[in-house]
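> following is a predicted model, sequence given first.
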Amino acid sequence: MEGYKEFRGWVYRIRKLGDDKIFIVLRNAHTIIQGVIRKGADRRLWEIGEKLYIESSILMGGKIRQDSRAPNGYEIDIEKLEPIHIGEPFPISRDQSEEFLLDNRHLWIRSQRLTKIFQARHYLIKYLEEYLHNNGFYRFDPPIITVSGAEGGADMFELEYFNRKAYLTQSSQMYGEAGIFGLERVYTLAPSFRAEKSRTRRHLAEYWHLEPEAAFVDWKENLKIQEGMIEYAVQKFLNNHPELVEYFQVKDMLKNIKAPFPILTYYQAVDLVNSLGGKMEYGQDFGADEEALISSKYDRPVFIVKYPKNIKAFYMKQDPDNPELVLNDDLIAPYGHGEIIGGSERIWDLEELKNRMKEVNLPEENYKWYLDLRRFGSVPHSGFGLGIERFVKFVLNLDHIRDAIPFPRTINRVYP
């Protein structure tokens, strides 16, 4: 790395040491490097250095040498300094309030921590898709505007669509199911929208949703695909990005994320919650507190399978051994990060699906096209949905899900 080098980027830190030196730390997407202007240098360099602000954009060049005191262990003796845009004093400094930082998210995403989160997010999505590609899945792009809700239409954002009522999609699952009849294995990666009035550390109103669907796959094989995908993405990230793993201090946590994952039935999971001090009755769904209790017993994700059908979505196939249960799973991440995947074998018989829709009072008229999938060459099939932000939150052990996406949308935040 020694010799003359030039870097373009932004001023990360700047410090004047009396009349002797000006230290400029430049950042860009690839590195942080410190430069120094010394007393007696070209006066123009000194004058430019005195005018710069934090986040001014610059070109900085000079001879680079090792210096253990500098960031990354190298320092530049600045010979060239060209301002691209000096700009104004940057409004973000140390000890700003959470609300201030969220109001200025468009500027705060430049921070080192958020930059590293979004780098990690990029790689994790890449490895999730890579696993699916390696296992015969095609990307299949769905619509965002819909008239039918994958989970019954509850908690959907309504909009006017050319003088008729429509919604922002909760899930692209149904469109993925349509895709399997040509491509057999597909996945969608698109935003989903939930109008839940939730104020938790793991809920967003708009999030990115990875949803594979596969023909001729039963619920047990569906579990294998899920755990294979999670293991692949986590281990690739762990092995390929040691600098990010070290920054987030997650090496010890991630090395345990390997298949097979433990499996609990719904009833076993309820009993476990109660044995650990929780208070659940059979027929209730798990909340964040209950999921945290379950995950406290494991150092890797754990499947909870075969829930009562009346607390799950209408499209889930009933268990032939107990029609009050469905062939589904939720995958709970360890260390209190909660559910990251929900999946099931889908009802593929027309009459069974129609009967289930009647049970939950869903009008067939909005689902005619979905019922058609069972009329013409239906096959057994399964699928699941993974919330990208929940997955990123888990892998990086983040405190709040809003940091896993550049511009979070929550119940009280739609700006910037």
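Arrived safely, thanks for sending. Residues are numbered from 1 along each chain as shown.

> and for I347, the neighbour number?
24 (other C-beta atoms under 10 Å). For glycine as for every other residue, the C-beta is placed from the backbone atoms N, C-alpha and C.

> what's the answer for E158, then?
When counting by other C-beta under 10 Å, one arrives at 11 neighbours for E158.

> pretty sure R110 contacts G9?
No: counting by C-beta atoms under 8 Å, R110 sits too far from G9 to count as a contact (10.6 Å).

> just the helices in the protein please.
Taking DSSP state H as the criterion, the chain carries its helices at 43-51, 98-103, 105-108, 112-134, 173-183, 219-240, 242-248, 251-254, 266-275, 288-295, 350-359, 368-375, 388-396.

> any idea how far E345 is from the residue nearest to I144 when sequence neighbours are not counted?
Among residues not flanking I144 along the chain, T169 sits closest, at 5.5 Å (C-beta to C-beta, 6 or more residues apart in numbering). Distance of T169 to E345, computed by C-beta to C-beta, to the nearest Å: 22 Å.

> over to E158?
For E158 relative to E345 (C-beta to C-beta), the value is 31 Å.

> walk me through the domains of the chain.
3-85, 106-404 (automatic domain parsing).

> quick one: which of R110 and G9 has more around it?
G9 (19 against 15).

> low pLDDT regions in this structure?
Counting by pLDDT under 70, the low-confidence segments of the chain come to 1, 149-154.

> need the winner for burial among the helices of the chain.
Each of those was scored by mean neighbour count; the highest is helix 388-396, a mean of 24, by mean count of other C-beta atoms under 10 Å.

> with only the CA atoms kept, save it in PDB.
Taking Å, rounded to 0.1, in the frame of the first residue of the first chain, the C-alpha atoms of helix 388-396 are listed here in PDB:
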ATOM      1  CA  ILE A 388     -35.000  -9.500   5.600                       C
ATOM      2  CA  GLU A 389     -34.800  -6.900   8.300                       C
ATOM      3  CA  ARG A 390     -35.500  -9.400  11.100                       C
ATOM      4  CA  PHE A 391     -32.800 -11.700   9.600                       C
ATOM      5  CA  VAL A 392     -30.300  -8.800   9.500                       C
ATOM      6  CA  LYS A 393     -31.200  -7.800  13.000                       C
ATOM      7  CA  PHE A 394     -30.500 -11.400  14.200                       C
ATOM      8  CA  VAL A 395     -27.200 -12.000  12.300                       C
ATOM      9  CA  LEU A 396     -25.700  -8.600  13.400                       C
END
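
> so which elements touch that helix?
In terms of contacts (3 or more C-beta pairs under 8 Å, 6 or more residues apart in numbering; DSSP states H and E), helix 388-396 is packed against helix 112-134, strand 206-215, helix 219-240, strand 338-345.

> so which of these gets nearest K39?
helix 112-134 (29.8 Å; C-beta to C-beta).

> which helices and strands sit right next to that closest one?
Looks like helix 112-134 contacts strand 185-193, strand 206-215, helix 219-240, helix 242-248, helix 388-396 (3+ C-beta pairs under 8 Å, 6+ apart).

> now it against helix 388-396, angle please.
110 degrees (axes from the mean of the first three to the mean of the last three C-alpha atoms, to 10 degrees).

> run the chain-centre distance for helix 112-134.
Centroid separation for helix 112-134 versus its chain: 9 Å, with C-alpha atoms, centre = their mean, to the nearest Å.

> what does stretch 89-105 give?
With C-alpha atoms, centre = their mean as the basis, stretch 89-105 stands 23 Å off its chain's centre.

> distance between the ends of that stretch?
Stretch 89-105 stretches 17 Å from its first residue to its last (C-alpha to C-alpha, to the nearest Å).

> ok, and what's touching that stretch?
Identification of contacts with stretch 89-105 by C-beta atoms under 8 Å, 6 or more residues apart in numbering yields 53-55, 107-108, 111, 402, 406-408, 413, 415-416.

> need the contact list for the spatially closest residue to I405 that is not a sequence neighbour.
Nearest residue to I405, sequence neighbours excluded (C-beta to C-beta, 6+ apart): E389, at 5.1 Å. Going by C-beta under 8 Å, 6+ apart, E389 touches 204, 207-208, 401, 404-405.

> closest one of these to M316?
Y207 (21.4 Å).

> bridging residues for that closest one?
Applying DSSP bridges to Y207 gives these bridge partners: S192.

> so what's L244 closest to, chain neighbours aside?
Sequence neighbours aside, A120 is the residue nearest to L244 in space, at 5.1 Å (criterion: C-beta to C-beta, 6+ apart).

> so where's the longest strand in the protein?
If you go by DSSP state E, the chain has its longest strand at strand 3-17.

> got the angle for that strand vs helix 43-51?
Counting by the same axes, to 10 degrees, strand 3-17 lies at 50 degrees to helix 43-51.

> returning to what we had before: hmm, N240 and the residue nearest to L244 touching each other?
No: in this structure A120 lies outside contact range of N240 using C-beta under 8 Å: 11.0 Å.

> report how many residues lie close to N163.
Neighbour count for N163, taken as other C-beta under 10 Å: 5.

> distance check, it against I145.
Distance from N163 to I145, by C-beta to C-beta: 14 Å.

> which one, of the helices and strands packed on helix 388-396, ends up nearest to G179?
Taking those one by one with C-beta to C-beta, strand 206-215 is closest: 6.8 Å.

> so what secondary structure elements neighbour that closest one?
With contacts taken as 3+ C-beta pairs under 8 Å, 6+ apart, strand 206-215 sits against helix 112-134, helix 173-183, strand 185-193, helix 219-240, strand 381-387, helix 388-396.

> what strands flank the shortest one, and is each parallel or antiparallel?
Read it as strand 381-387. By DSSP bridges, strand 381-387 pairs with strand 206-215 (antiparallel), strand 338-345 (antiparallel).

> distance between that strand and the chain's centre?
With C-alpha atoms, centre = their mean, you get 15 Å for strand 381-387.

> great, nothing more from me.
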